[in-house]
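Asks: model this:
(one chain, ligands or ions: 1)
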Amino acid sequence: MKIAVQTMGCRSNQAESTQIESDILNLGHELVNSPNVADIVVINSCTVTAKADAQCRRMISKALKLGQRVIVTGCSAEINKETLLKTFPSIELFGNSDKHSIIKEIRQLSKNLNYIVPAPYRHRPIVKIQDGCDNFCSYCIVPYARGRSRSRPVQDIINEVVNLEQFGFNEIVLSGIHLGMYGKDIHETIDLAVLLRELLLRTRIPRIRLSSLEVNEINDEILEVISEKRICNHFHLPLQSGCNEILIAMNRHYTALDYKTAVQTLTMRIPDVCIGADVMVGFPGEMDASFAETEALIDQLPLSYLHVFSYSRRDGTPAAKMTGQIPENIKKMRSERLRHAGTLKRRAFISSQIGKTKPVLVESIHQTKHYATTRNFIKTVFQSTERYALGSLATVTLDKADHNFAAAHLVNVE
Ligand code: SF4
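Replies: I've put the predicted structure just below:
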C-alpha cells in the first residue's frame, strides 16, 4: 500500500512524522512523496496560524477529492476537532496524545495486501526529546494544543541515538516544542545540559544539532556543553521582537539586552557559529517605533539568517483579545523589510566562511553535483564524478558564495 505523510509546522511534528513513517516502513508499506499516488494520506497538521489551519483544510479536501483515505493528526486536528469532523465526516482524526494509534488504523486499513519496502530516505533524522510547553506566550496556541512540557527519559533517547548510529547516520537533530524545558518534569537534577553530556558520553554520533534554544535558558552549563565539537555550531534563538514592551506583552521572559548578550557570548565563544532567529512582526501594539527597535537590534547583531513571521490572531490566546491589532498591509511591509535584512545577513554569513575547509554531510545528489550541509548550517554544492553515499561525511573547501549556497570543492572523505 502506498502512503504519503504530509507534515506541516514545527520540528516536533516532523519528528513525530518520522516515527509514523518508520512504523509504516516496518509494517512493509511504501512511502510516497506525492499524495496524488497514495492510497492513504496522513496529514500531520499545524495550527500556529490561521493560514496553517486553512492549509490543513485544503490538504484534506484535495486528498478526499482524489478518493484517498485520509488520516488527520497534529495541532489543528486537536484544536479544531469538531469543525473538521463536521466538514469532512469521512476522515479519521487522531489528537496529539493519540498519534501512536495511527499505525493501528493503517494496519487495519491495509490487511491482506502486498507491499514493497524502500530504502531509508532521510539523512539527518530528527530525534524528539520533549513535547509541550509551559511558557504560554500570549500569541501561541501550542500549550493548549500540546499541553504541558513532557520529556522523554534520557535512556530512551540514548537508545534511539545508538540505534541511528548503528544504521550509519552521522547527524541527528534534537527537537521538541521547547528544548530548554527538557528534564524539568523528570527530576530537578535533569536538564538539557545533562542530556547533552550523556549523549556525548554514551553515543558516538558525530554531529548533534539542536533545533532551537531560548536565550534565557542559556546558562553556564549549557554554554560549556554546546561548545563541544560534536554539537553543531548552529543555534536557532527565537527573538520575536527587539522591543521590551512588546516582549512583555508577548510573555517572553527576556529583554532585548538579554538577547544581544546571548548572541555576543555565543559568537565570542564558539568559532564560526551560525545563529538564526525567529522574528514576529505585527504583534498587537507594535508601533512604528517598536518595529524600529527590532530592526535596529537585528542590524547590530551578527545573526546568520532570519525566519520572519507575521502575527496571526489565534482565538483562545490572550493576544487575540489585545487592543492595537496591526493592519495586514503594515505587517506585510514590515515582513518584507525583515526578509530583505535576513537575506543580506545570510549572504554576509556565507561570505564570511569562504576559504574555510569544513566537513559536510551529503544530503542529495544530482548527476555529479553533491548537495551537503556544514556543521554551521551552510548549504554547499560540490562536484564529484565519484558518487558519495547519501548521509556520508566529506570534507570540502568553500570557494564562493552563491545566493543561499556556497560553491565548494572536495578535499577528501572522512
Ligand atoms: Fe509557544 Fe512560547 Fe511555548 Fe514556543 S515558548 S511553544 S511560542 S508558548
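Asks: CA atoms for contacts and neighbours, from now on please.
Replies: OK.
Asks: ok now the longest helix that the chain contains, how far from the chain's centre?
Replies: Ranked by residue count, the top helix of the chain under DSSP state H comes out as helix 328-352. Taking CA atoms, centre = their mean, to the nearest Å, one finds helix 328-352 lying 20 Å from the centre of the chain it belongs to.
Asks: in it, what counts as buried?
Replies: Buried residues in helix 328-352, defined by neighbour count with 16 or more other CA atoms under 10 Å: 331, 334-335, 338-339, 341-351.
Asks: that helix packs against which elements?
Replies: If contacts are counted by 3 or more CA pairs under 8 Å, 6 or more residues apart in numbering; DSSP states H and E, helix 328-352 sits against strand 274-281, helix 288-300, strand 305-310, strand 393-402.
Asks: other residues contacting it?
Replies: The contact list for helix 328-352 (CA atoms under 8 Å, 6 or more residues apart in numbering) reads 274, 281-282, 291, 295, 299, 302-311, 378, 400-401, 403-406.
Asks: buried deepest among the helices and strands packed on helix 328-352, which one?
Replies: strand 274-281 (a mean of 22; mean count of other CA atoms under 10 Å).
Asks: now it: average pLDDT?
Replies: Across strand 274-281, pLDDT averages out at 97.
Asks: next: stretch 354-362.
Replies: 96.
Asks: hmm, back to that, looking at the helices and strands packed on helix 328-352, which is closest to A4?
Replies: Shortest distance between A4 and the helices and strands packed on helix 328-352, using CA to CA, is found for strand 305-310: 27.2 Å.
Asks: what angle separates that closest one from helix 288-300?
Replies: Relative orientation of strand 305-310 and helix 288-300, computed by axes from the mean of the first three to the mean of the last three CA atoms, to 10 degrees: 160 degrees.
Asks: quick check: buried residues in the helix or strand following the longest helix of the chain?
Replies: Scanning forward in sequence from helix 328-352 by DSSP states H and E, the next helix or strand is strand 357-366. Buried residues in strand 357-366, counted by 16+ other CA under 10 Å: T357, K358, P359, V360, L361, V362, E363, S364, I365.
Asks: okay if I get those as TSV plus distance to the ligand?
Replies: Converted to TSV, the buried residues of strand 357-366 look like this (distance: CA to the nearest ligand atom, whole Å):
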residue	distance to the ligand
T357	35
K358	32
P359	32
V360	30
L361	29
V362	31
E363	29
S364	31
I365	35
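Asks: closest to A389 out of those?
Replies: Nearest member of the buried residues of strand 357-366 to A389, counting by CA to CA, is V362, at 7.3 Å.
Asks: gap between the closest one and E221?
Replies: Remark: distance between V362 and E221 (CA to CA, to the nearest Å) = 32 Å.
Asks: and the chain, which residues reach the ligand?
Replies: C133, N135, F136, C137, C140, V142, P143, I177, H178 (CA under 6 Å from any ligand atom).
Asks: hang on, isn't the last one packed against K128?
Replies: No: counting by CA atoms under 8 Å, H178 stays clear of K128, with 10.7 Å between them.
Asks: between these two, which one's more packed in?
Replies: Counting neighbours by other CA atoms under 10 Å for H178 and for K128 shows that K128 has the greater number, 26 against 21.
Asks: now for that one: which residues touch it?
Replies: Counted by CA under 8 Å, 6+ apart, K128 has contacts S12, A15, E16, L174, S175, G176.
Asks: check L257 too.
Replies: Counting by CA under 8 Å, 6+ apart, L257 makes contact with nothing.
Asks: from what I see, P238 and S211 are in contact.
Replies: No: contact criterion CA under 8 Å: P238 and S211 do not qualify, at 10.8 Å.
Asks: so between these two, which is more surrounded?
Replies: S211 (22 against 19).
Asks: next, the residue in the stretch 301-414 of the chain positioned nearest to the ligand: phi, psi?
Replies: Nearest to the ligand in the stretch 301-414 of the chain, going by CA to the nearest ligand atom, is T317, at a distance of 10.1 Å. Per-residue torsions, T317: phi -110, psi 150 (degrees, to the nearest 10).
Asks: for it, grab the count of nearby residues.
Replies: Neighbour tally, T317, other CA under 10 Å: 18.
Asks: for the one 10 residues further on, same thing?
Replies: Other residues lying near P327 total 10 when counted by other CA under 10 Å.
Asks: try G324
Replies: G324 has 12 nearby residues by other CA under 10 Å.
Asks: what sits against the closest residue to the ligand within the stretch 151-300 of the chain?
Replies: Going by CA to the nearest ligand atom, the ligand is nearest to I177 of the stretch 151-300 of the chain, at 5.4 Å. The neighbourhood of I177, defined by CA under 8 Å, 6+ apart, consists of C10, R11, S12, Q130, D131, G132, C133.
Asks: the first one and V194: what is the separation?
Replies: This points to C10. The value you get for C10 to V194, if CA to CA is used, is 24 Å.
Asks: can you check the second one too?
Replies: Taking CA to CA as the measure, R11 and V194 are separated by 21 Å.
Asks: also S149?
Replies: 17 Å.
Asks: please apply the same query to D272.
Replies: 25 Å.
Asks: likewise G342?
Replies: From G342 to V194 the distance is 33 Å (CA to CA).
Asks: so R11 and V194 - more neighbours on which side?
Replies: Between R11 and V194, counting by other CA under 10 Å, R11 is the more crowded of the two (20 against 17).
Asks: and the more buried one, what does it touch?
Replies: With CA under 8 Å, 6+ apart, R11 has these contacts: I126, S175, G176, I177, S211.
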